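J.: here is my input; please provide its structure:
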Amino acid sequence: LKPHVLVGSLVSVEVVQSHLPTNTMALLRTIRIVSIGGNQVATFADVDVCSATGWETLCQVAQALGFPSASLSLVTQSAVVIDHSLPLQESIGPDGCDDPIALTCVLGPSRAVGVKREHWMMRTNKIGMILGRRLRRHAGDKPFFKICRELDPSLQDDVKQLITESFAPRLKELIHVAVRAAYQPATATALSTPAEECVFKDESFGACINLSSCRLWTSVPDFSIKDVAPESLWFGGDPDPVFAGAVLWRLLDGWPGAAPDAAGGAVAAGPVLEVLFAAAHPDLQELGVAGHLMAELEEVATLMGCAAVAVAAVPHQGRRFWAKQGYLVHATLIEIALQGDGDNLSESSKMQTTLEPGTALGEFLKSKMLLFTDTPLVAKVLRTS
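T.: Numbers count the residues shown, from 1 in each chain. Below you'll find the model as predicted:
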């Protein structure tokens with residue numbers, strides 16, 4: 001039975017020694033996870049507490065709880081927080097003499113996974129710039145791109161590269177996991193337990209995120225809408241279409257809706273579409289690749305019954321782009337001065353950021369979305385009733 005987990009709630013974890021021969025030195029344990037009300041959530045059999053780390057155990061607990069958006073930590077009965085990097089036996093200490101050994105899983109606020117974009121520019125090449133100018137001459141006043149919802153396996157590496165180079169380098173592994181998940185067969189993503197390659201894990205941020213529901217759309221030139229031979233746009237007469245842009249997204253469930261008198265006004269109940277990453281080739285951005293992708297995605301989101309589309313907007317040009325598309329800020333990014341000895345803090349570490357929701361939808365987005373330290377949460381409401 002899976003409990004309803006709320007931020008700040010507790011889940012008791014019991015570690016019971018298995019009945020093993022003495023020559024095993026009792027390294028294996030059965031870990032039982034139960035709710036604070038005594039309901040059993042999951043059982044992990046034959047866990048070697050001398051080799052299994054606190055982080056590995058925490059990831060098992062996260063999976064058993066359905067990968068909650070809240071942060072997790074394990075605490076002993078002696079109020080010692082389990083160290084992620086150490087084997088369980090070392091962290092448990094004197095409590096390891098108890099039978100059973102009891103731990104507590106504490107759920108706290110969601111944690112950000114670092115910055116989403118840093119101050120750097122994607123590399124461009126002369127061929128790409130010339131190609132971009134050629135496309136612009138032929139685009140006219142009609143969309144020159146078509147949206148591909150069926151994924152082309154040959155483009156997977158190009159998708160990874162474009163999105164990775166459009167955002168902070170530290171997010172490379174997260175982006176690669178999300179793209180791999182999007183390329184998983186529908187039968188695989190429908191499983192209740194996600195494949196290991198669809199779960200992003202980052203011990204430094206305490207992140208264990210299920211990305212198996214990610215979807216990916218790409219954008220490529222559509223030569224059929226112009227009386228232009230494809231060969232006239234390509235070097236060497238190569239007719240293969242250039243990969244122009246991509247958007248990674250997923251659906252968030254559980255939004256109950258907001259009444260007209262709620263903060264931010266009325267918003268219908270229903271799923272919220274979260275845009276994780278949207279990127280366009282820098283040489284083709286002036287052709288409106290990203291805007292074309294988002295317009296079609298919003299249309300489909302409306303048909304699916306989504307209440308809103310939301311995104312963590314990157315600084316500067318990213319925020320301007322989303323504002324131009326009609327997105328409003330629902331959770332503002334604010335800076336908070338850290339307490340302590342100023343001489344022992346670097347200038348960059350004297351301040352930290354946090355999100356301040358200004359609407360009911362913003363509260364929901366903060367608890368459900370993938371968060372970053374440099375992005376406010378913006379959204380476009382699609383339905384009010």
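J.: helices of the chain, start to end?
T.: Here the chain has its helices, by DSSP state H, at 54-64, 88-92, 126-139, 156-166, 172-182, 186-189, 289-303, 317-324, 360-368.
J.: what's the longest one packed up against?
T.: Right, the one you point to is helix 289-303. Helices and strands touching helix 289-303, by 3 or more C-beta pairs under 8 Å, 6 or more residues apart in numbering; DSSP states H and E, are strand 145-148, strand 215-221, strand 245-252, strand 272-280, strand 308-312, helix 317-324. For the C-beta atoms, the positions are set from N, CA and C on the backbone; glycine is no exception.
J.: so which of these is the most surrounded?
T.: Among the helices and strands packed on helix 289-303, the stretch with the highest mean neighbour count (mean count of other C-beta atoms under 10 Å) is strand 308-312, at a mean of 26.
J.: model confidence over that one, on average?
T.: What strand 308-312 shows for mean pLDDT is 97.
J.: pairing partners for that strand, with directions?
T.: Using DSSP bridges, strand 308-312 pairs in its sheet with strand 272-280 (parallel), strand 377-381 (antiparallel).
J.: so what touches it?
T.: Applying C-beta atoms under 8 Å, 6 or more residues apart in numbering, the contact partners of strand 308-312 are 116, 252, 255, 267, 272-275, 278, 294, 297-298, 301, 322, 327, 330, 361, 365, 369-372, 375-383.
J.: what inclination does it have with respect to helix 360-368?
T.: 50 degrees (axes from the mean of the first three to the mean of the last three C-alpha atoms, to 10 degrees).
J.: for strand 308-312, C-alpha coordinates in CSV please.
T.: Output of strand 308-312 as CSV, limited to C-alpha atoms (Å, rounded to 0.1, in the frame of the first residue of the first chain):
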residue,chain,number,x,y,z
ALA,A,308,-1.6,24.8,-18.5
VAL,A,309,1.9,24.6,-20.1
ALA,A,310,4.8,25.5,-17.8
VAL,A,311,8.6,25.9,-18.0
ALA,A,312,11.6,26.9,-15.9
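J.: so what does Gly257 look like in phi/psi?
T.: Main-chain torsions, Gly257, degrees, to the nearest 10: phi 90, psi 170.
J.: list the contacts of the residue nearest to it when sequence neighbours are not counted.
T.: Leaving aside its chain neighbours, Gly257 sits nearest to Ala269 (3.2 Å; criterion: C-beta to C-beta, 6 or more residues apart in numbering). By C-beta under 8 Å, 6+ apart, Ala269 lies in contact with Trp255, Pro256, Gly257, Ala307.
J.: quick check: Ala360 vs Trp255, distance?
T.: According to C-beta to C-beta, to the nearest Å, Ala360 and Trp255 sit 9 Å apart.
J.: can you give the distance of stretch 169-178 from its chain's centre?
T.: Mean-position distance between stretch 169-178 and its chain equals 10 Å (C-alpha atoms, centre = their mean, to the nearest Å).
J.: quick check: mean pLDDT of that stretch?
T.: 94.
J.: likewise for stretch 256-265?
T.: 94.
J.: which of the residues in it are buried?
T.: Neighbour counts over stretch 256-265 (16 or more other C-beta atoms under 10 Å) mark Gly257, Ala258, Gly264 as buried.
J.: enumerate every residue touching the residue nearest to the last one when sequence neighbours are not counted.
T.: Taking C-beta to C-beta, 6+ apart as the measure, Gly264 lies nearest to Thr359, with 2.6 Å between them; neighbours along the chain are not counted. Residues in contact with Thr359 (C-beta under 8 Å, 6+ apart) are Ala258, Ala262, Ala263, Gly264, Gly265, His330, Ala331.
J.: kindly report the same for Val115.
T.: Contact analysis of Val115 by C-beta under 8 Å, 6+ apart lists Ala168, Arg170, Phe372, Thr373, Asp374.
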